[in-house]
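> Need a 3D model of the following:
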Amino acid sequence: MRGVFVTGTDTNCGKTEISLALMAAWQARGARVLGMKPVASGCHPSPQGPYNADALRLLAQGSTAAPYHLVNPYAFVPPIAPHIAAGRVGVEIMLEPIVGAYRALSAGCDLVVVEGVGGWRVPLSPTLSVNDIPKALDLPVILVVGLTLGCLNHALLTAESIRAQGSPLAGWVGNGIDPELQAGDENRATLAALLGAPCLGVIPWLERPMPDALAGFLHPELLE
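Have a look, this model is predicted:
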């Protein structure tokens, strides 16, 4: 396995936190790991171009230095859907630059953790969506389930869509984003029974989640 693609049940379900935790968990097992966020909106402008905060965190967590443009090939300033942000600056998001950046990163490490943008079916262009990226990169998918009211429907629909397009669902991670979630144990048990993929870990709600601490809740060995 040369890498994984991390998708989520929705925006703000914790994809970046889990991506960083997966990187830390594999690094603790001796692997050289780099992170990648192919497309990002809501970036900070700079003289060198837009920079995304989540992409910078993935860059900093990496085992070796990597150029920012490989970690985040498409960066847009407005915090809106990426295909709309791209259209406003006359850019069409395409797979070729993403595939090229991924291959360049892969050449310098053992594993690349690739984080999606938004949810699984977010449009990237008139003919491209987030779900096309792992297919182009030939990567298995890890689903981050934000544990909150409605997560069962979102998780099951996303898993169904992942399998329908032929991508392997390697596993899922439950992420405790709602400290007031009721029936949490029952929700997690339902996901375990119905998702049909290994649970790679369940993260409790934490006020200050840090990659090394989160890594302790994960079981990346289930992917080996």
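> for the residue nearest to residue 117 when sequence neighbours are not counted, what are its contacts?
If you skip the residues right next to it in sequence, residue 117 has residue 39 as its closest partner in space, 4.7 Å away by CB to CB, 6 or more residues apart in numbering. From N, CA and C alone the C-beta is placed, and that goes for glycine too. By CB atoms under 8 Å, 6 or more residues apart in numbering, the residues touching residue 39 are 72, 73, 74, 82, 93, 98, 116, 117, 124, 130.
> can you give me the helices for this structure?
Applying DSSP state H to the chain gives helices spanning 15-28, 53-61, 68-71, 82-88, 95-106, 132-137, 151-164, 184-194, 211-215.
> what's the last one in contact with?
With CB under 8 Å, 6+ apart as the contact definition, helix 211-215 has outside contacts at 17, 18, 20, 21, 22, 23, 24, 25, 28, 61, 203, 206.
> Could you do the first one as well?
Judged by CB under 8 Å, 6+ apart, the contacts made with helix 15-28 from elsewhere in the structure are 4, 6-8, 33-35, 37, 54, 57-58, 61-63, 110-111, 113, 115-116, 142, 144, 173, 175, 203, 209, 211-212, 214-215, 217-218, 220.
> Ok, the shortest one next?
Contact with helix 68-71 is made by 34-37, 51, 55-56, 58-59, 62, 101, 104-105, as judged by CB under 8 Å, 6+ apart.
> possible to save those as a markdown table with pLDDT?
As requested, the contacts of helix 68-71 are exported to a markdown table (pLDDT from 0 to 100):
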| residue | pLDDT |
| --- | --- |
| 34 | 98 |
| 35 | 98 |
| 36 | 98 |
| 37 | 98 |
| 51 | 97 |
| 55 | 98 |
| 56 | 98 |
| 58 | 98 |
| 59 | 98 |
| 62 | 98 |
| 101 | 98 |
| 104 | 98 |
| 105 | 98 |
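> In a markdown table: those residues, plus neighbour count and distance to residue 185.
Formatted as a markdown table, the entries for the contacts of helix 68-71 read as follows, by neighbours: other CB atoms under 10 Å; distance: CB to CB, whole Å:
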| residue | neighbour count | distance to residue 185 |
| --- | --- | --- |
| 34 | 27 | 36 |
| 35 | 31 | 32 |
| 36 | 28 | 34 |
| 37 | 26 | 32 |
| 51 | 17 | 40 |
| 55 | 24 | 35 |
| 56 | 18 | 36 |
| 58 | 25 | 32 |
| 59 | 21 | 37 |
| 62 | 22 | 36 |
| 101 | 22 | 41 |
| 104 | 15 | 44 |
| 105 | 22 | 39 |
